[in-house]
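**Student:** Show me how the following folds:
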Amino acid sequence: MKDQHSDGKDLAKAAQDYIEAHSAERFSLQEMAGALFVNGSYLLRVFKRSTGMTPLVYHHQVRCQKAKELLAQTEQTISEIGEAVGFVSSSHFSHIFRKTVGCSPQRIPQPKQVRRSGGDLPMSKTFNRYLYAILTLKKKYLCVRAVDVAHYLSFSKASVSIALRQMREQGLVEIEPDGNILLTELGRVRSGHLDTRVRFFQQLLTEAGVEPSPALHDSISFSWEMSEAAFEAFRRLYAGASAE
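**Tutor:** Below you'll find the model as predicted:
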């Protein structure tokens, strides 16, 4: 066993990867050790020596980090988020979160309530990110699932799944039985607005001498954050300057 993981670092990293991949599941030290083909006591000793903490503490850290993402990106209740990341009760979730993060889940700011129709973009800055990601992926692939969006945005699959459920409730997307995500008419309109913004800012930055890759990256950031009123004012200003 020790020959397979000579200095222990490979084993500790393998254990961390296992915990991250199964963070929402309940498993014992012995079960994880069995999956890694090592003795449980040896795994515990190596993990503590390499990371300075036990596998359980690391498991709590991973869950709480994912919970922080969900708290910041979605409007799910604390109980729903606790369940999504693997805690069996909201009280246990709150206890571990406070112990791990240093504050209660209630102290993490959550997005404001999303409006379903009319008004400015963004309905939600987070939803803008998802809409643009879905639109971009749909240009390349016929079938786009939650895991594809998670990979594109570097978000956890749990946060993407919850956000998609909210977007479906807001009438922005539909989810087919095989998991394929479809933009509704409202979703297409809003993602189209975002795409128009991105192309506008990308052209503007490119003309100013910015390289294509950073121009695209910054254009996406501008488009996600800017209100519709601000964008229209900016576009009018640019049109006026171009006409002079």
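**Student:** got the domain boundaries for the chain?
**Tutor:** Using automatic domain parsing, the domain ranges for the chain come out as 9-52, 57-107, 113-244.
**Student:** ranking those by mean pLDDT, which is last?
**Tutor:** In terms of mean pLDDT, the lowest-scoring of those is domain 113-244 (a mean of 80).
**Student:** which residues touch the residue nearest to Leu29 when sequence neighbours are not counted?
**Tutor:** Spatial nearest neighbour of Leu29, excluding adjacent residues (Cβ to Cβ, 6 or more residues apart in numbering): Gly40 at 5.0 Å. Backbone N, C-alpha and C define where each C-beta goes, glycine included. For Gly40, the contacting residues are Leu29, Gln30, Ala33, by Cβ atoms under 8 Å, 6 or more residues apart in numbering.
**Student:** By neighbours, which of those residues wins?
**Tutor:** Neighbour counts for those, by other Cβ atoms under 10 Å, peak at Ala33, which reaches 22 neighbours.
**Student:** Could you check how far it is from Glu20?
**Tutor:** 16 Å (Cβ to Cβ, to the nearest Å).
**Student:** Ala72 now?
**Tutor:** For Ala72 relative to Glu20 (Cβ to Cβ), the value is 19 Å.
**Student:** Quick one: residues in contact with the longest helix anywhere in the chain.
**Tutor:** Ranked by residue count under DSSP state H, the longest helix found in the chain is helix 185-207. If you take Cβ under 8 Å, 6+ apart as the criterion, helix 185-207 is touched by 117, 121, 123, 128, 131-132, 134-135, 167, 171-173, 183, 212, 214-216, 218-220, 222-224, 226, 228, 231, 235, 238.
**Student:** Mind checking which of those residues are buried?
**Tutor:** 121, 123, 128, 131-132, 134-135, 167, 172-173, 183, 215-216, 218-220, 222-224, 226, 231 (16 or more other Cβ atoms under 10 Å).
**Student:** Mind checking which of the residues you listed are in strands?
**Tutor:** Of the buried ones among the contacts of helix 185-207, the ones assigned to strands by DSSP state E are Val173, Leu183.
**Student:** what's the burial count for Glu169?
**Tutor:** 11.
**Student:** Now do the strands in this protein.
**Tutor:** Using DSSP E, strands in the chain cover 173-175, 181-183.
**Student:** what's the last one in contact with?
**Tutor:** Around strand 181-183, the neighbours that count as contacts under Cβ under 8 Å, 6+ apart are 131, 134-135, 138, 144-146, 149, 164, 172-176, 191.
**Student:** Can you list the strands that that strand pairs with?
**Tutor:** Using DSSP bridges, the strands paired with strand 181-183 are strand 173-175 (antiparallel).
**Student:** dump the residue contacts of Arg98.
**Tutor:** Here Arg98 is in contact with Ser104 (Cβ under 8 Å, 6+ apart).
**Student:** Check the gap between it and Ser91 for me.
**Tutor:** For Arg98, the distance to Ser91 - Cβ to Cβ - is 11 Å.
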